[in-house]
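*Asks:* can you look at this prediction? I've put the sequence above it.
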Amino acid sequence: MAAPMHSFRHLTIIHSQFHRLQKLQKFHSLASLDPSSVTQYPERQQQRRQETGLKTQENRVINKNKKDSIESNVDNNSFSSFFPKRGQTLELVCESLAFKGKGVCKVADTGFVVLCDRALPGERFIGRVTRRKGSYAEVTKVKTMSPHWDIIDAPCEYASYCGGCKTQNLSYEAQLRAKEQQVLELMIHVGKFSLEDVDMKSIVPCDIKFHYRNKMEFSFGSKKWLPRELLEEKQDGIENYALGLHAPGFFDKVLNVDKCLLQSEPANMVLAIIQDVWRDPQLGLTPYDVKSHVGFLKHLMLRTGRNAKTGLHELMVNFVTSSYKPQMLKPLVEKISTIPEVVSIMNNVNSSVGNTSVGEEEYTLYGKSTITETLRGLTFQISANSFFQTNTHQAEVLYKLIEDCAGLGGDNSEIVLDLFCGTGTIGLTLSKRAKHVYGYEIVPQAISDACRNAELNGITNATFVQGDLNKVGESFGNNFPKPDVVISDPNRPGMHMKLIKFLLKLKAPRIVYVSCNPATCARDLDYLCHGVKEQNIEGCYKLKSLQPVDMFPHTPHIECVCLLELR
Ligand SMILES: C[S@@+](CC[C@H](N)C(=O)[O-])C[C@H]1O[C@@H](n2cnc3c(N)ncnc32)[C@H](O)[C@@H]1O
């Protein structure tokens, strides 16, 4: 296991949280505040609604005790049936971070929960209610009265607007604490684990805090997003064109960025060159307008890999355009191909009105059509649209943890089932200690990449199959022997109930559940360990260990590696 960087301070926090959470165990789950984050059975939702009703009283008691630390709200609503109106302003103090990194606040004296994007723990601010949602409301921040705890200067000039890094001005230690707390609360409230059941380890920090992303996708837009204080500088035409990241909440407005601190230096050099020239009227390049569907340039995707032999950076530049006009891109291609790290310039042509960057057609404008990356001693070829872990450095750490949890004996006698295998990276790294690896994945392109990656690395004991794991039928499992270890690495919605039922029937000795969404992870672990009473489904696993990993500093994302053993 990678040694956690944290000292006693951290352990103390975790344990005090444990005690606090022990007391709060029956109380309202912050994680379930956004119903879209966790889908549960109707019976469960009904039960949860009833529970929530019961919890309101208890919350009020807790909140009364917190009266000293939370100021009363601006409109002074302090009665039990409190429910703020849209447009109402409240003075709030952020208590913690929850789903999608939103700040959780409670309205003084009422315990009413309010979520605010970009509010950070300890921050006192005025918020305006934008919407009511079930038992809570969302506010936007109008004004900060006093800053959050653990405040630091954000190194990126766009940090206060950009939707990418929401917590850059929160110290990294505090970011880690907030992520740990979130995982723990979800495991207790959604996963229904008691503190004794959860062997939760301290979160593994990411050693590289900036320039860790190997892939960034920027959008071209005809409407530049500007912060309120700069609105009077708004210009028309070419001056209003933008290349950057979508402003949060605006599908048609783009925050222009000249550099992004999360991507590699060579990728920033390419971005700077393109920013310098693409608006030149002589080139006749136009950004695609998502409302009128007119224009040429849609997205700019920059991927950074490493040459397997030299270890040096190699860069792929992918222009996503609405039509195929290579002569229009020629001046840009000529300029950026002078950067030594640029080994591939691609053009994905997507004529649909949708916003996706995957083209119906793909053309190589310069160099090769793939770049390479190495992970746990293996070489992977990455094409413009292949899925690959976006933080290679931390993926090394993550995969080592997965390998440790898989616990393969090394005598090549064990079968591994790699569910949601993507381009096969996890299964392939395990294959050297396994008898055979079977990988399942929905995207056909990813499956062909996985097969090519197996071949590239001389691996012959891996089979990759395309299929929809949300639709597993009775016959699923007939095509592979009973696995000794199942790796499951679903995307954010987690596992479908059909797959959970399959796993409960399969009874593999070990499951390593790798998750990028602790809310759905907690739900699925609950089903696998505790079953689903309403459906007479019995759980048969024990949660042996839970390891959060920070793959993406300054963002709300949290990865978890969970080891389940058959009881
Ligand atoms: C978080 S990624 C994991 C990829 C891979 N394990 C890795 O580490 O690179 C989740 C993968 O699940 C795949 N996926 C999503 N829904 C699926 C489904 N219903 N059936 C099978 N695969 C699916 C996605 O295409 C994606 O490759």
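*Replies:* Perfect, thanks for sending it. Owing to the predicted nature of the structure, the values given are computational and were not obtained by experimental measurement.
*Asks:* what's downstream of the worst-scoring helix or strand of the chain on mean pLDDT, the next helix or strand?
*Replies:* Sorting the helices and strands of the chain by mean pLDDT, DSSP states H and E puts helix 42-65 at the bottom, at a mean of 31. Note on helix 42-65: by DSSP states H and E, the next helix or strand toward the C-terminus is strand 89-97.
*Asks:* just the C-alphas of that next one, formatted as CSV.
*Replies:* This file holds the C-alpha atoms of strand 89-97, laid out as CSV (Å, rounded to 0.1, in the frame of the first residue of the first chain):
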residue,chain,number,x,y,z
THR,A,89,-30.9,36.5,1.0
LEU,A,90,-29.5,34.6,4.0
GLU,A,91,-26.4,35.1,6.0
LEU,A,92,-24.7,31.7,6.2
VAL,A,93,-21.6,29.9,7.4
CYS,A,94,-20.3,27.0,5.4
GLU,A,95,-19.8,23.9,7.6
SER,A,96,-18.4,21.3,5.2
LEU,A,97,-18.2,20.2,1.6
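*Asks:* the helix or strand that comes right after it pairs with which strands, parallel or anti?
*Replies:* Moving toward the C-terminus from strand 89-97, the first helix or strand encountered (DSSP H and E) is strand 103-107. Sheet pairing of strand 103-107 (DSSP bridges) gives strand 89-97 (antiparallel), strand 112-116 (antiparallel).
*Asks:* so for the ligand, which of those strands sits nearest?
*Replies:* Relative to the ligand, the nearest member of those by C-beta to the nearest ligand atom is strand 89-97, separated by 22.1 Å. Where you see a C-beta, it was placed from the backbone N, CA and C, and this is true even at glycine.
*Asks:* list, one by one, the residues from the stretch 251-400 of the chain near the ligand.
*Replies:* 387, 389 (C-beta under 6 Å from any ligand atom).
*Asks:* what residue in the stretch 251-400 of the chain comes nearest to the ligand?
*Replies:* For the stretch 251-400 of the chain, C-beta to the nearest ligand atom, closest residue to the ligand: residue 387, 4.6 Å.
*Asks:* what do you get for the chain?
*Replies:* residue 422 (2.8 Å).
*Asks:* with adjacent residues omitted, what lies nearest to that residue?
*Replies:* residue 387 (4.4 Å; C-beta to C-beta, 6 or more residues apart in numbering).
*Asks:* three-state assignment of residue 346?
*Replies:* strand (DSSP: H, G, I helix; E, B strand; the rest coil).
*Asks:* show me what it is bridged to.
*Replies:* residue 318, residue 364.
*Asks:* would you list the strands paired with strand 103-107 in JSON lines and tack on distance to the ligand?
*Replies:* Output for the strands paired with strand 103-107, formatted as JSON lines (distance: least, C-beta to the nearest ligand atom, whole Å):
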{"stretch": "strand 89-97", "distance to the ligand": "22"}
{"stretch": "strand 112-116", "distance to the ligand": "26"}
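*Asks:* mean neighbour count and mean pLDDT added to the ones you listed, as TSV?
*Replies:* Output for the strands paired with strand 103-107, formatted as TSV (neighbours: other C-beta atoms under 10 Å; pLDDT from 0 to 100):
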stretch	mean neighbour count	mean pLDDT
strand 89-97	22	93
strand 112-116	23	93
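*Asks:* which of the ones you listed sits closest to residue 417?
*Replies:* Nearest to residue 417 among the strands paired with strand 103-107 is strand 89-97 (34.6 Å), distances taken as C-beta to C-beta.
*Asks:* any chance of the backbone angles for the residue of the chain closest to the ligand?
*Replies:* phi 60, psi -130 (degrees, to the nearest 10).
*Asks:* ditto for residue 273
*Replies:* According to degrees, to the nearest 10, residue 273 has phi -60, psi -40.
*Asks:* next one: residue 419
*Replies:* phi -90, psi 140.
*Asks:* ok, residue 373 next?
*Replies:* According to degrees, to the nearest 10, residue 373 has phi -150, psi 150.
*Asks:* surely residue 183 touches residue 515?
*Replies:* No: look at residue 183 against residue 515 with C-beta atoms under 8 Å: they stay out of range, at 9.8 Å.
*Asks:* what residue ranges in the stretch 51-200 of the chain score low on pLDDT?
*Replies:* 51-80 (pLDDT under 70).
*Asks:* the protein - how does it break down into domains?
*Replies:* 88-149, 186-208+391-566, 215-375 (the TED database).
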